[in-house]
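Chemist: My questions are about this predicted structure, shown below with the sequence.
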Amino acid sequence: MTSTAVRLGPDDTLTLTQIKVRDLAPRVLVVGDPARARKAAQLLDDTRQVGENREYVTFTGTYHGTAVSVVSHGIGAAGAGVAFEELCRGGAQRIIRSGTAGGLQPDVVDGSLVIATAAVRRDGLSQHLVPLAFPAVADTAVVVALSEHAASTGLDVHRGVVLTSDAFYPHTLLGNDHELWQQAGCVAVEMEIAPLLVIAALHGVQAGAVLAIDGNPLAEHDPSMAGYQPFREIVHEAVAGALDTALNALVA
Ligand SMILES: O=P(O)(O)O[C@H]1O[C@H](CO)[C@@H](O)[C@H]1O
Ligand SMILES: O=c1cc[nH]c(=O)[nH]1
């Protein structure tokens, strides 16, 4: 692929994530929540913390003998996009996001897993990088690897197009358009996959995502998200299943 993408050297430090390039593994797990990054780091062997700045916390270790880094990217496309871009500039070759999401279809409910095949680009960032006509598509090998490992978790697994949207809490003035995307067949809604897939594609990096479902705002008739409650056992189990799936797919 002809590319004008920036690549840094091993002695460089990525500016906002504060990771030394030599400390970054080519296979990277990304999660929104720094606390989830710390939990994921405990699943690695020989783990060491190699970066911390703002919402970006980074660990590197090995998983089943293969070097892996875990990085938190915070909530929302703009901040997460900083991390995704720096990881690509630092030499990441495969990036998998393990996040949480709301189900959009009636059968995509608490405790399910969703594997993203593509994302609707309703984020504010990615249109500044490449026109919206460019699709946000997951890498096929990553989707296959995620599907294989998700099946072994015993959780309810769905696969399809996800909606990436900047608005977590809508205002009654405009509401949200989740119903439109439900009718278009989107399976879940979250906030960072579209920029991940776009930035990775522009760098020639493999990327994909697996999501733990923590509610279904349409089915629960809760468009305001006032009843959002992700701190439940059924969600914790799905988050654990998503992390396990993502780590196995990373090293597949
Ligand atoms: O659980 P994470 O990875 O943060 O993902 C989802 O959760 C956050 C909103 O609660 C957003 O970042 C959304 O994308
Ligand atoms: O963006 C998100 C994340 C989790 N659950 C939701 O409903 N939306």
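Modeler: Yes, it's here. Ligands and ions are numbered 1, 2, ... in the order given.

Chemist: Roughly how far does R121 sit from L163?
Modeler: Relative to L163, R121 is positioned 10 Å away (Cβ to Cβ, to the nearest Å). The C-beta positions use only the backbone N, C-alpha and C, and glycine is treated the same way.

Chemist: Check V50 too.
Modeler: In this structure, V50 lies at 33 Å from L163, with Cβ to Cβ as the measure.

Chemist: Mind listing the residues bridging to the most centrally placed residue in the chain?
Modeler: The chain has R97 as the residue nearest its centroid, 2.7 Å off, counting by Cα atoms, centre = their mean. Applying DSSP bridges to R97 yields these beta-bridge partners: V30, A209.

Chemist: Now for the residue of the chain found nearest ligand 1, how many residues are close by?
Modeler: Among the residues of the chain, G32 lies nearest to ligand 1; the distance is 2.0 Å by Cβ to the nearest ligand atom. The local packing count at G32 equals 22, with neighbours defined by other Cβ atoms under 10 Å.

Chemist: wait, what's in contact with the closest residue to ligand 2 within the stretch 1-150 of the chain?
Modeler: Nearest residue of the stretch 1-150 of the chain to ligand 2, counting by Cβ to the nearest ligand atom: G102, 2.3 Å away. Neighbouring residues of G102 by Cβ atoms under 8 Å, 6 or more residues apart in numbering: A188, V189, E190, I213, D214, G215, N216, P217.

Chemist: For the first one, name its beta-bridge partners.
Modeler: Yep, that's A188 we're talking about. G103, V162.

Chemist: How many neighbouring residues does S126 have?
Modeler: S126 is flanked by 24 other residues according to other Cβ under 10 Å.

Chemist: Is it correct that it is in contact with A133?
Modeler: No. Counting by Cβ atoms under 8 Å, S126 stays clear of A133, with 11.6 Å between them.

Chemist: Within range of ligand 1, give me the residues from the stretch 51-200 of the chain.
Modeler: Where the stretch 51-200 of the chain comes near ligand 1, counting by Cβ under 6 Å from any ligand atom, the residues are I75, G99, T100, F168, E190, M191, E192.

Chemist: Neighbours of the last one, how many?
Modeler: Using other Cβ under 10 Å, E192 is surrounded by 29 other residues.

Chemist: isn't it right next to A78, touching?
Modeler: No. Under the criterion of Cβ under 8 Å, E192 is not in contact with A78, lying 9.8 Å apart.

Chemist: in the stretch 101-250 of the chain, which spans are strands?
Modeler: With DSSP state E, counting those that start in this stretch as the criterion, the stretch 101-250 of the chain has strands at 113-122, 136-137, 157-165, 188-190, 206-213.
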